[in-house]
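Asker: Pasting a predicted model and its sequence here:
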Amino acid sequence: MTELRSAVSRLRRELAAHPGEFADRSIAEEQLAALDALAVGGSPEIPRLRRSLLLIAGAIGSVSALSPGLSEVRRAIDLFGGAVRGQG
């Protein structure tokens, strides 16, 4: 849980500090808040974590400056159930 909360917090700060605007920024912010709430709640459901991750990736995937933070969130989610087949 600690790694997930830390990764989500870091990406939220990076997103807030990012000067560029993009159409799906609010989706990324909402899903990061949802991930944080899931992590605070105890033992989150892996499918919900992965769904939020996919929405965040879709929302900020083209913003290369946020890629390292997104990768860190993905690694933290993978700790809950291993990597999805066919992915990294």
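Answerer: Done, it's in.

Asker: show me where pLDDT drops low in the chain?
Answerer: Within the chain, the ranges that satisfy pLDDT under 70 run 82-88.

Asker: try 90
Answerer: 1, 20-23, 39-45, 61-63, 80-88 (pLDDT under 90).

Asker: can you give me the helices for it?
Answerer: For the chain, the helices defined by DSSP state H cover 2-17, 25-40, 46-60, 67-81.

Asker: want to throw those into CSV with mean neighbour count?
Answerer: C-betas here are computed from N, CA, C, even on glycine. Output for those, formatted as CSV (neighbours: other Cβ atoms under 10 Å):
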stretch, mean neighbour count
helix 2-17, 16
helix 25-40, 18
helix 46-60, 18
helix 67-81, 18
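
Asker: Now do the contacts for Arg5.
Answerer: By Cβ atoms under 8 Å, 6 or more residues apart in numbering, Arg5 lies in contact with Asp36, Ala39, Val40.
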